[in-house]
Every structure is written in C-alpha cells, then in structure tokens.
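**Student:** The sequence and its predicted three-dimensional model are supplied below.
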Amino acid sequence: MKGTNLGELEELILLATATLYDNAYGIAIQKEIKAKCNRSISISTVHAVLARLEQKGYMDSRYDGMTPERGGRRKHLFRVTKSGQKALLQVKEQRDSFWQGIPTIAFEK
Amino acid sequence: MKRELLPPRWIYNLLEQFCDPHLWEGISGDLFESFLENVEKKGLRRARWIYTFQSMGFLRMKFKKKEKRLSNMKSIWLNYFLTSLRSIKKQKALFTINLVGLIMAISCSLFALVYINDELKFDTHHSDLDQTYRLYKRYINVQEEVDHLTYETSGLMGPTMKDEYPEVEDFIRICPWWSRVILSYKETSLATEEIYFTDSTFFDFFDYELIQGDPNTVLSVPLSIALSESFARKLFANEDPIGKVVTGLKDLDYTVTGVFKDPPRQSSLQFDALISWSTSVPGVGPLRYRWMNNWLAQGIFTFVKLAQDANPVALTEKLPKMMERHFEERADQYFLKLMPLKEMYLYGERVRNNRGMKVGSITFVYMLGFSAFLIFLIASVNYINIALSRAAQTRTEVGIRKVMGSSRKQLMGRFISETFFSTTTASIFSLLLVIWLLPGANILSGKELPVQDFFQPEILAVVVVFIFATSLLVGLYPAFILSSPPISTILKTSSGVVGSTGWFRKILLTLQYTISIFLIVCTSIVIRQTNYLESKPVGFDKELLLVLDVDNEVKTRVEVLENELQKHPNILSVSTTRSTIGDGSYTTNVIPEGYTDELGTRIFGVDQEFFETYGVKTLFGRTFLKNSSADSANIVVNKAMVDFMGWDDPVGKHIRFAAGGQPVPIIGVVNNFHVNSLATDEIEPMILYLDLSSKSYTSIRIGNGNLKETIDHVQETWDELAERTPFTAFFTDDWFNEQYNKERKLLKISSIYSVISIILCALGLFGLTALLLQQRTKEISIRKVLGASLSSIISMMNKQFLVIILISFTIAAPLAYFLISDWLDQFVYRTSVSSLPFILAGGLTLLISVLIVSWLSVRSASVNPSENLSTE
C-alpha cells in the first residue's frame, strides 16, 4: 500500500459516505457521486472500494434499514471512522497548502 | 410482489455461491434495488441484462468467500505423502511387485483399449453409413448338407432391387479380382492384388476422395481405370496420369480417367485401382463377362443404399419374392439378407467368400478385452492382498495418528492417496512401455496402429478416469480395513491380523488362480489346434513344391518354360494345370452311376504330370497316360467319392456331368488331398479331369539339392520369357500356413496374456508368502525350538495354498472346457480336448507355487531361532 495516501476514487467515496452520513450504502453512494461529479461508477467497483476502505480502517459498517425495494434485505451501511476522517483532512490540507503557494500569476495566460 | 419481477436466477445463485456471506446481503440488496429501478426505467428485459452484467462485476477475488481452510491441512497431506514414500522405501520388494503388476496390467489394458477403439472406427468415414447395407445370403442346400452365409451375389441383384423397390435409392457392385494383376506403363510394371471392377457411381456411393477426374464420368466408359495416388505416383513418377494408357488385366489397354486419395487405413475396402464395370458387360465392353452380369453366377459383391426412412427388415422380407420372379431355380436355396455397413467389418467374419477387403473379428475384440480385464483383475488382487497383509505394519501408525486426532476419513485418504500414487506412476510407465513396444505389438496383431492414437483426447480421458477409478476401487477396501484398528491397539503388543481379512484374501487368491489356470488351459488348446492344422497331412507332399502363376503373357509359352525348367537336375517334375491348391477348382453337380440325385462335386483340372509332381498316390486303377491325350474323355476320382458312393469296384464306373449328358468312365482312384484351408473346408468328393488347354499354374517339384540355386534357375528362366510380369511364386506349405494367420494371431496374444497372468500370480504369491512368513517369524522359531523339522514347516506353509489351487482348478477347468469347445466348433478339422492341457495348467501353477512358498519358507526357517526370539 502507498502509505496512508488515498486514491482519488477512495477519496470521493469517503467524502460521499460522510455526506450521506446515516444512509451511506452502495447504491446511495453511487448516486451521490453521479449527482455531484457526473461520474458513472459501476456498483461492483463501489463495493470493492468500500471493502478496501473498511480493511484499511477508514470505515466501519453495520447492517440496518430493511426496505421492500431491496427484496427484504438490510442495507450495508458505512460510516467514516476517526482515522478515515484524519486521512480526508490530511488530503485536504495537502491540497490547500498547494493552493496557497500558487502565485496568482501562474494561471494568467 | 406485483408480477414476477425477478432478476435472472442463475447469476443470482452463482454469485451467492461465490460471495463472502458477510458481504452478500449488502451486495444482493444493492443489485436488487438497482434492478427494480431499471425495470421501471428501461423495462424488464433490459433490466435483467443489466443485472447480469452488474453481477458479473462482483466476480472478483475481493468478494470471494474465504475458504474455511484448516491451516495445517497442507502439512498433513505432505506428511501422508512422506509416510507413503517411507513405507515404499522400507518395502521395496513389495512396492516393485505391485508396480510391475500394475504396469503389466495397465499396459495390456491400454493396448486393448486403443486396439478396440481403432477397430470400432472402421468404415465410419462414409457419410451415409446408417443407410448403407451390404447384400449377402444364406445358402441352404439340404441334400448336400450345405448351410452357410456368403457374400457372393449375382450381377443383376443390385440393379433389380433398385428398379423394383423404391426404398432402394442406389446400389453399387464390386468385383475384386481374384489374383494379382500387373499394370504397365512404358517400362514400368507394377503388381497389385487390390483391383476392383465397380460401377460408375462408386465415388458418389462411397466416401473416397477423387483428386483428379470428374466424379460423374470417371468410371463410365469401358476400359477406364482410376488409380490411387500412391500407385499412380509409382507408375507414372512425375507425369500427369490422366489420359495415359496402361496395359492391365487380360492384357487390355486401359485409359486412366481419375486419381483418388489412397483409401484410409480404417476402411474395409482397400484398392489400388478401379476398373469401370462397363468393361465387363457383353456388347458394351471388350471383356464380355456374362458371369458378372447375369443371375446365375455368384462371384460379385453388392451394396445398396436405402432411403432414410426405409426399414431394412421389411425389405429383407420382400427379397424372396424378387428371387422367385427372376431366379426361380435358386429361390429355395439363396436367402438374401442385408448387413449394415457399420457392422460389416467387425461382425462379418462368419460370412464366407469375402475377398479383397479387410475384415476384423468381434471374437478377437472380445477376447482381447476380456483377457485384458482378467489380467487387470489379477493385478488388482495382488495389490489388495499385499495392502491388506501390511495391516500389521501400519497398525501402529494408524493408532498413533488416531491419538493425534486423525479421523477415519483422513486415514482412508492417506491410504487411498498411496494407491493413487502407485497407479499414476504405473500408468505413466505403461504409456511409455506400450509406445516402446508398439512396433512389435503391431506385427503381432497385424494392425498398423500409429503412436498418436494413444494421445487422442478420448483415450487420455479414459486413462485419467481409469487412474481415479482404480485408485478408488483397489484402494478403498484396504483403506477401510487398514484404518480400522482402534486406538487401544497401539497399547497392545500382540500382532494379530487386523480385521477378519483372512478369508477375503483367500477368495481373492482363488480368483487369481482361477483366471490363471483358465488362461493357460485356453492357450494350450489354441496352440494344439494351430499345430494340428499345420501338421495334419494334406494328402500330398506339400514340402518343396513351388507354384508359379502363368495365367499371363507366359501362358502361350508354357512348353518352353517347362522344358527349360526340366533341364535343371534338382527339378524332379513339372506340371501345368488349370487348378492348384486354393484356386482354379470349383464345385458343380454331377450324376454318378447308381445315384439318382445330383451330387455336389469338386472339379479339378490337371495334366498328366500332376499326380507325380504333387505326390498324390493312386489307390486303384491308373492315372492319365503321359504324352498322350487319349484320356481326355476319362476321369480320375478321389477316395471320398468312392466312399460316398460305397463302390467296391470304382474303376469302370461312369459319371454324367448333366442329366442327359454323356457317361464318362472312371479309370482310377487317388487318395484324398486338401485344396483349401483345413480350418474351413472339408474333403469333398472330387473329379480330376485332363485339361490340357487351360494353363494357369505351373507347379515345380524340387529335389533335396541346393534350394536357392534351384529357385534362381526358375527365376532366370522366367525373366527370359516374361517381359512385363514380375516373377512370383509360392510354396504350397507356406500357402497352407498362411491360411491360419487368424489362429496364429490369437495364439500369440493369448500366449502373452497367459504368461503375464502366471507371472503376476507368482509375484503376488511371492509377496503374500513373504509377508505371512514375516508375521509368523516368531511362531516358526518357537516351532523349531520345540523340535519341528524343516520339512514340517514347509508343508505347513504349503498346505493352505494347495487347497486354494485345488479349488481354483475345480472352478477354472469346466469354464475353460466350455469356452474352448465352443471355439473349436468353428473348425472343420479339430483336435480333441484332451486332459493334457488341464494337467499342464494345474501342474504348472502348482509347481510354481510350491517352489515359491518352499523357497521362502526354507529361507526364513533356516535362520537361527535365537536371533528371532531375542529381539524382545
């Protein structure tokens, strides 16, 4: 693994999970990303990334919320853990420090 | 749910099997939710497709079920393997016995498998195989006690069937030529024995590939000939054969109109050249062979192709009507039948007069398969017996493993895996062995099996299945027994045999001996019969009698040939005749004096020197006067004729050749002599007549001088006279021996199988006895200490085996007797089933067994008892 560095997709999914807070499960996350970034990610990829993040300890999960449209199955709900939050913040800080260091002149013409 | 709005079941199930159960609920829920949404948006059909694709996305290692694997499983199996190796190392002799047995058995089976597979594939290259039938007939003649099946048909049967029965779509006639034909082009002359006359539809009817020439017209015009690719290449080298003129049969000129690919090896029909049928039709072709194109003569073969829905049985029932309409005089003797082409090769062996084609033998296939199976049985028994006898040695191992927590299942796995190891090793060795021995086996079986036949997918699949099946079958029972001892046994020191395997072992041993004795009896009777056929006097002196075929360009100059030959001092006598053994004589009906009916008699055309040359003895009267044609209206008969008629004074009796014909006087009687194979043909009443015009064969009686030099002289004389006909000749004793090729083939195979069976039996007995002695070492030592003599110990060990051999003999002898009597029944002349082969088989097994057991007993009993008893 590349240290604690997050992949781009991992970052997006962590953010989406955090946004959805108590209703973060596969389909919902997929739709959130579609809505915010207009990116189509296959459902299996979402699940794969979720499983990887859980293994890394950035997320934990539980089963809850049985609904008829799921054929009576519970949802596999995810929540960002403390270390997940830390990782997200770290990414944000790194980006921000870059943004602050960019001279305004760099983007002109 | 409203309607059956369900995703595809199969992918759901597949995924459920595949996925980690912890993740499964979430995954399947998400998939279902998205599915319902898609149903609404895009319809059920597309939603199901999308569901399937989405599901496939989940088939990755990330979601795979974690195997509940015991972490030490690998090391347990490794340990089993090591223990197996160690036990093999400890018991090298036993392992070798088992391995050698298995290799022999598997090799036999493998060869049988490939051989039988090959036999079954014959003629399958024809696309209309199921609709093609060969016409044959049952020939019944009550008066002469004739009742047999024959392939001979007449030239008009095929065409008439096609004309009169709509279900007969097509027919083809084939007339393989009886003798060798020479084909010449410019300076090159080639002989072939595989030359057929056939109808123009040949390439349409059968699936043989025409490379050059028009398939529709290739054999239409009289004097057309089509050649096989290899034959054409030999004859024409690099020239284009089409349109070339070759001189061939009856010295006529034939035009090459086609070249075909050589018939495949697995084809009954084998031919180098095909001549158009029209060549033989009177009024159309130059040969004017009425006998190929009428009802009366029976010398050609007919095949028919039926419509797809036609019923061959129904058609067969209609055929007597056709015979009555067209050929009434034989309607009560010839009963036409249809043989499916796919059965012809293997099942046609009992139908007579099949010339110019390859024939298989279903009897041989069964014999081979059955023998291979028996050998295999013996080897399996060896394996089981030796494995069971090892119970005492493995007892401690099993006990300790059980203490350590092995389950019964695991322990059985341990023993079966050992068997699996042996079978796999043996199979690999067998494959190599069989391939190495293949050239020899091919000569033996008269078949050209290519090596790649062993690597056909179906054969390899069978071998793999076979390895697994054997390992289970052979390994299961011993594994069951060996894994049975309870834990407590390791605490005891007594060395009792595990389980009540004693009686089981004895039954297996009996089975083994039964098979072995059975095979030896059968083989020795096959040997006796073959020897009998080869050594039975044939009624003339068959040694050193050379026969030349002169029915060719030499025919007109036979006198020159005879004169030249007679100049040589080592040539005692020369005779040129129409008939010789195996050819030129025929059977016809005559009316002897004092007999009202017609009598089927063999007619044999000879010259005056025939009797002297062949060494046929005169019993009464005289034979034909030399250097005179005065006897051309007289005949000589054989002893069988006199016996049949019961004449006391045969000389001067008359025979008429037709009802109103001239009576011909008999001037002499000669002893009976055979003109055909002793296996199939009986001595019949025979008439010998003086035929000085038909010169087909020149027979040469050679003296005891230098044989090679004499033959050289004959050949030189021939080469001076013949321009395009190569020299070929045969010795009459060779001819007779060739007639028994089938029997000799059977003899060789069954000899090999019985030798293998007795070797395997001996090996098994050796292993078993060695183990028993090992187990009873202490007992024997104590017996010796208490004063038992060496001979009493030997007889003690032998006694149990003697009983087993006795029982086996009682079972095997009647079985062998019935089977072999049935086999002998097919021969006209057969040896009696005497007691000798049975005594031989019993004695041989007994001798070998006693030798092995005694030798091992002596070895173990001669050890100083103190050495064996002081080990504790």
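**Tutor:** Cool, got the structure.

**Student:** I'd like the average pLDDT over stretch B:670-680.
**Tutor:** Stretch B:670-680 shows a mean pLDDT of 87.

**Student:** Can you list the neighbours in contact with that stretch?
**Tutor:** The contact list for stretch B:670-680, computed with Cβ atoms under 8 Å, 6 or more residues apart in numbering or on different chains, reads B:352, B:533, B:536, B:538-540, B:579-582, B:585, B:602, B:604, B:611, B:614, B:616-619, B:623, B:636-640, B:681, B:683, B:686, B:688, B:736, B:739-740, B:743, B:826-829. C-betas here are computed from N, CA, C, even on glycine.

**Student:** List the buried residues in that stretch.
**Tutor:** For stretch B:670-680, burial by neighbour count (16 or more other Cβ atoms under 10 Å in any protein chain shown) applies to B:670, B:672-679.

**Student:** can you check stretch B:319-338 too?
**Tutor:** Across stretch B:319-338, burial judged by 16+ other Cβ under 10 Å covers B:319, B:322-323, B:327, B:330, B:334-336, B:338.

**Student:** Pull out the buried members of the contacts of stretch B:670-680.
**Tutor:** Among the contacts of stretch B:670-680, those scoring as buried are B:533, B:538-540, B:579-582, B:585, B:602, B:604, B:611, B:614, B:616, B:623, B:636-640, B:681, B:683, B:686, B:688, B:736, B:739-740, B:743, B:827, B:829 (criterion: 16+ other Cβ under 10 Å).

**Student:** any idea how far the residue most central in space within chain B lies from chain A?
**Tutor:** Nearest to the mean C-alpha position of chain B, by Cα atoms, centre = their mean, lies residue B:364 at 4.0 Å. Distance of residue B:364 to chain A, given as Cβ to the nearest Cβ, to the nearest Å: 62 Å.

**Student:** Does that residue belong to a helix, a strand or coil?
**Tutor:** Under DSSP: H, G, I helix; E, B strand; the rest coil, residue B:364 falls in the helix class.

**Student:** Would you confirm that it contacts residue B:743?
**Tutor:** No - counting by Cβ atoms under 8 Å, residue B:364 stays clear of residue B:743, with 10.7 Å between them.

**Student:** What's opposite the residue of chain A found nearest chain B in the beta bridge?
**Tutor:** Taking Cβ to the nearest Cβ, chain B has its nearest neighbour within chain A at residue A:76, 2.6 Å off. Applying DSSP bridges to residue A:76 gives these bridge partners: residue A:63.

**Student:** OK, contacts around it?
**Tutor:** So, once contact is read as Cβ under 8 Å, 6+ apart, residue A:76 ends up touching A:25-26, A:61-63, B:23, B:25-27, B:29-30.

**Student:** now the strands for the stretch 401-550 of chain B?
**Tutor:** In the stretch 401-550 of chain B, the strands defined using DSSP state E, counting those that start in this stretch lie at B:545-549.

**Student:** er, chain A I mean
**Tutor:** Here chain A has its strands, by DSSP state E, at A:59-64, A:75-80.

**Student:** what's in contact with the first one?
**Tutor:** Yep, that's strand A:59-64 we're talking about. Contacts of strand A:59-64 (Cβ under 8 Å, 6+ apart): A:14, A:17, A:50, A:53-54, A:74-81, A:84, B:25-26.

**Student:** sorry, back to before: check what pLDDT the residue of chain A closest to chain B gets.
**Tutor:** Taking residue A:76 on its own, its pLDDT is 89.

**Student:** list the helices and strands the lengthiest helix in chain B packs on?
**Tutor:** Longest helix in chain B by number of residues, with DSSP state H as the criterion: helix B:408-445. On a contact count with 3 or more Cβ pairs under 8 Å, 6 or more residues apart in numbering or on different chains; DSSP states H and E, helix B:408-445 meets helix B:73-90, helix B:92-120, helix B:362-389, helix B:391-403, helix B:457-482, helix B:741-775.
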